[in-house]
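Peer 1: quick one, what's the 3D model for this:
(chains A and B)
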2 protein chains.
Amino acid sequence: VAVRAEVLAVGTELLLGQIVDTNSAWIGEQLALHGIEHLRQTKVGDNHARIVAALREALERADAVIVCGGLGPTQDDITREAIASVMGVELVRDEAVAAVIRDLFASRGRAMPDNNLRQADVPAGARVIEQRTGTAPGLLCPVGDKVVYAVPGVPHEMREMLERAVLPDLAARAGERSAIVSRTLRTWGESESRLAELLAPRIEALDGTGNPTIAFLASGIEGLKVRLTARAGTTAEAEALLDAEEAEVRAVLGSIVFSGADEPMEAVVGGLLVAQGRTLAVAESLTGGLVAARIVSVPGASAWFRGGIVAYATDVKGDLLDVPPGPVVSEAAAVAMADGVRARFGADVGLSTTGVAGPTEQDGQPPGTVWLGLAVGDEVSAVRLRLPGDRERVRQLAVISALDRLRHALGA
Amino acid sequence: VAVRAEVLAVGTELLLGQIVDTNSAWIGEQLALHGIEHLRQTKVGDNHARIVAALREALERADAVIVCGGLGPTQDDITREAIASVMGVELVRDEAVAAVIRDLFASRGRAMPDNNLRQADVPAGARVIEQRTGTAPGLLCPVGDKVVYAVPGVPHEMREMLERAVLPDLAARAGERSAIVSRTLRTWGESESRLAELLAPRIEALDGTGNPTIAFLASGIEGLKVRLTARAGTTAEAEALLDAEEAEVRAVLGSIVFSGADEPMEAVVGGLLVAQGRTLAVAESLTGGLVAARIVSVPGASAWFRGGIVAYATDVKGDLLDVPPGPVVSEAAAVAMADGVRARFGADVGLSTTGVAGPTEQDGQPPGTVWLGLAVGDEVSAVRLRLPGDRERVRQLAVISALDRLRHALGA
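Peer 2: Numbers count the residues shown, from 1 in each chain, chains lettered A, B, ... in the order given. Predicted coordinates for the structure are as follows:
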């Protein structure tokens, strides 16, 4: 059965542009990956009549509506009331949910404002989706043979609940009485069209069964993602299908796959350094601190990251990094920076960036010209890239390219 | 006349979550600032029937619909056709628009694929909104006494066209046969509720005329924005109203206003350094390169930014920055880092950050404890902050707080 879903995001702050709605995009991606048709997304403010109208219209077009937001404890949070109106039922206090909320406040040693118990009010006939990371439970609300799911607007709470309860329920409605498991491989180094070309034989081979499926997601400086989704009677069987397909995909793509678990590049590089007991220092010119900033976003980076130098002024490169006189967008400068920062910081590995972010050329080099230097053991070298885009994009591409170069040098 | 508007974003890639729709949020903000009621936003894919249905429904509820996207040259771009269907008219090639597109390709020395002329097709009776930054013109399409505006999905093209043509036309429909001019002041250092309290007398004083108006926008690490909007017979008269009101607001808020022209903090700091002929170097611990990265995003930063050191490992602080032994989350460390980096980089000003990003405490200090060091002339000092939020938020708040401290030290 083809199941059609719509997404309704609730919140006046969304309409006013005080918050960008990233939830709808994420839900859209998940629906696509699970093969659930999804034709419209709507946003309305915290207004009873408008939420009710939007819900009714969506239920006319679709089999399932995912409502995101408006489940909090304040008087503005009226998604529960709106769904009850659409179902034609009253709200009933769920004492089990109320107990969980009371316990949560007690365990934090905080007094609970009475308002919070509003989160335990449930439309009669709705099923509670247990809260795990926040205080608001989700709701699964039958409306005739259709369904409204309500999930919180806080992104990590919404995601956890969608994966745990909503997507499996949608899959079951689509006649999938089975486990659906996904796995995301991240790649760096090939374009989306080249990736599609390389994987075309695999996709063709899978077309017969449609299980597992392969989907691509371009994710900018996070790499190109290859998402494998398998359906089977049990999770273990689905995982076994994914294991087999991942092996096939890796055989085709080789080392451009940098993660089989949807990890960012900096986390992968950190994992390699930890495993090898090595430490890192970085010397940045055109990236101006962005490489270091991405690295320190990895939990536990202090175990392997010693620090870095942002050598923005030309003479700083000479004074602090022993870069020889001459053009600073050059192989010699990149090599000296990597070697110099390694020595300065007493690190095992040195990584460097120098180049022209634009908009104007420098030392006769056009914007997008980037040298990436690397010093690992006896190997000290640099490679030149020509990166597309504006100033900001050139910088961001230089950052992930530098980290990817380090990944390969570490044997990945 | 109260004018009601809706926003319709068109693009299958939006539904699939390949792109997060930031346009709708921005348009929502603009509509709010211009006092135009705005009750719903919708997203649909590149499908003729669905775009037509969404447009018709929106026109039933609202007086004006802003359609964003689907104006490109490819076969997927069908917003023009959908609007023509809703208007009940044919598409007509606009030769003036076609000439502009041909000239644009010629001036870039590129061959023009024929597809591009689709962008010159206009629903009969629609008015063209001249393209200035891209190849696609916008459209102003009367539907009875209502209107559909079509603007490109490329954010900077959309914004330029909205400000130049759509918002003024909406204002005129609201009975404003006059100029509307806005000005955004950015502030740092007070909460939104405190700002509202401080400005309450001004807002009350303006309530009589409603001109100019004052609105707040919390913009996270970009500061709290205070937007002044004035209406008058001419732009010059509106600007004069804004000048007077800005003076009133500045008299109340004082030096927490860091820009009267919606500039980011780093650009303001850069402007002060340039004006004073001073250069800057930064030493970062918990912010790990984020201060430097924000600085180098300012065009022309190389004139005043010499570079920085990311001293992530503790011993690096001693070796490279002459930080004395002892706890590194301390006044002594922050002071030594600021002074040390200034000396190392031969800069006039040194700025430093050290602290506990979390999630666990360090040296007995709780997460959110941050020391900001500053060395300007003979003044070398540090201040301690307690910042809220998770690891990432503490870092981001530390960055803008450090830049703001520098701004005050430079006499602003």
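
Peer 1: got a list of what A:Val323 touches?
Peer 2: Shown in contact with A:Val323 (CB atoms under 8 Å, 6 or more residues apart in numbering or on different chains): A:Ala311, A:Lys317, A:Ala332, A:Ala333, A:Ala336, A:Met337, A:Gly340. C-betas here are computed from N, CA, C, even on glycine.

Peer 1: can you tell me the closest non-neighbouring residue to A:Ala32?
Peer 2: Excluding the flanking residues, the one nearest A:Ala32 by CB to CB, 6 or more residues apart in numbering or on different chains is B:Leu16, at 4.9 Å.

Peer 1: neighbours around that neighbour, how many?
Peer 2: 18 (other CB atoms under 10 Å in any protein chain shown).

Peer 1: does it really touch A:Ile27, like I thought?
Peer 2: No. Contact status for B:Leu16 versus A:Ile27: not in contact, 10.7 Å apart, counting by CB atoms under 8 Å.

Peer 1: picking that back up, now the residue nearest to A:Ala32: phi and psi?
Peer 2: Dihedral angles of B:Leu16 (phi, psi; degrees, to the nearest 10) stand at phi -80, psi -10.

Peer 1: what segments of the stretch 51-200 of chain A are helices?
Peer 2: A:79-87, A:95-107, A:155-161, A:167-173, A:192-207 (DSSP state H, counting those that start in this stretch).

Peer 1: could you see whether chain B lies near the last one?
Peer 2: No. Between helix A:192-207 and chain B, judged by CB under 8 Å from any CB of the partner chain, nothing touches; the nearest distance is 10.4 Å.

Peer 1: now do that helix: everything it contacts.
Peer 2: By CB under 8 Å, 6+ apart, helix A:192-207 touches A:187, A:190, A:212-214, A:216, A:218, A:224, A:226, A:245, A:248-249, A:252-253.

Peer 1: listing partners with orientation, what would you give for the next helix-or-strand element following that helix?
Peer 2: Later in the chain than helix A:192-207, the nearest helix or strand by DSSP states H and E is strand A:213-218. Here strand A:213-218 is paired, per DSSP bridges, with strand A:224-232 (antiparallel).

Peer 1: can you tell me the average pLDDT over the partner strand?
Peer 2: For strand A:224-232, the mean pLDDT works out to 86.

Peer 1: whichever helix or strand comes after that strand vs strand A:213-218, what angle?
Peer 2: The element immediately downstream of strand A:224-232 (helix or strand, assigned by DSSP H and E) is helix A:235-253. Here helix A:235-253 runs at an angle of 60 degrees relative to strand A:213-218 (axes from the mean of the first three to the mean of the last three CA atoms, to 10 degrees).

Peer 1: relative to helix A:192-207, how tilted is helix A:235-253?
Peer 2: 130 degrees.

Peer 1: for the contacts of A:Val323, which two are the farthest from each other?
Peer 2: A:Ala311 and A:Ala332 (14.2 Å; CB to CB).

Peer 1: ok, the two, which is more surrounded?
Peer 2: Neighbour count, other CB under 10 Å: between A:Ala311 and A:Ala332, A:Ala311 has more, with 31 against 17.

Peer 1: and the residue lying closest to that one once chain neighbours are set aside, how far is that from A:Arg384?
Peer 2: Excluding the flanking residues, the one nearest A:Ala311 by CB to CB, 6+ apart is A:Lys317, at 4.5 Å. A:Lys317 sits 17 Å away from A:Arg384, going by CB to CB, to the nearest Å.

Peer 1: these two: which is more packed in?
Peer 2: Taking other CB under 10 Å, A:Lys317 and A:Arg384 do not tie; A:Lys317 has more neighbours (25 against 14).

Peer 1: what about that one, which helix or strand?
Peer 2: helix A:314-321.

Peer 1: residue ranges with poor pLDDT in the stretch 1-150 of chain A?
Peer 2: A:1 (pLDDT under 70).

Peer 1: can I assume A:Arg61 is in contact with A:Glu6?
Peer 2: Yes. With contact defined as CB under 8 Å, A:Arg61 counts as touching A:Glu6 (6.6 Å).

Peer 1: now the strands for the stretch 1-150 of chain A?
Peer 2: Ranges of strands in the stretch 1-150 of chain A, per DSSP state E, counting those that start in this stretch, are A:4-10, A:37-44, A:64-68, A:91-93, A:121-123, A:127-129, A:138-143, A:146-151.

Peer 1: meant to ask about the stretch 251-400 of chain A
Peer 2: Under DSSP E, counting those that start in this stretch, the stretch 251-400 of chain A gives strands at A:257-259, A:280-284, A:305-311, A:349-355, A:369-376, A:379-386.

Peer 1: nearest to A:Val328, of those?
Peer 2: strand A:349-355 (5.7 Å).

Peer 1: is any residue of that closest one near chain B?
Peer 2: No. Shown here: strand A:349-355 not in contact with chain B (CB under 8 Å from any CB), separated by at least 11.6 Å.

Peer 1: centre of the chain to that strand, how far?
Peer 2: 27 Å (CA atoms, centre = their mean, to the nearest Å).

Peer 1: sheet-wise, list the partners of it with their directions.
Peer 2: Short version: by DSSP bridges, strand A:349-355 pairs with strand A:280-284 (parallel), strand A:369-376 (antiparallel).

Peer 1: which of the residues in that strand are buried?
Peer 2: A:Val349, A:Gly350, A:Leu351, A:Ser352, A:Thr353, A:Thr354, A:Gly355 (16 or more other CB atoms under 10 Å in any protein chain shown).

Peer 1: stretch A:333-350 now?
Peer 2: Buried, per 16+ other CB under 10 Å, within stretch A:333-350: A:333-342, A:344-345, A:347-350.

Peer 1: next step: these restricted to helices.
Peer 2: A:Ala333, A:Ala334, A:Val335, A:Ala336, A:Met337, A:Ala338, A:Asp339, A:Gly340, A:Val341, A:Arg342, A:Arg344, A:Phe345 (DSSP state H).

Peer 1: in JSON lines: those residues, plus distance to B:Ile400.
Peer 2: Formatted as JSON lines, these follow (distance: CB to CB, whole Å):
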{"residue": "A:Ala333", "distance to B:Ile400": "32"}
{"residue": "A:Ala334", "distance to B:Ile400": "32"}
{"residue": "A:Val335", "distance to B:Ile400": "36"}
{"residue": "A:Ala336", "distance to B:Ile400": "34"}
{"residue": "A:Met337", "distance to B:Ile400": "29"}
{"residue": "A:Ala338", "distance to B:Ile400": "31"}
{"residue": "A:Asp339", "distance to B:Ile400": "35"}
{"residue": "A:Gly340", "distance to B:Ile400": "31"}
{"residue": "A:Val341", "distance to B:Ile400": "27"}
{"residue": "A:Arg342", "distance to B:Ile400": "32"}
{"residue": "A:Arg344", "distance to B:Ile400": "29"}
{"residue": "A:Phe345", "distance to B:Ile400": "27"}
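
Peer 1: alright, calling it a day.
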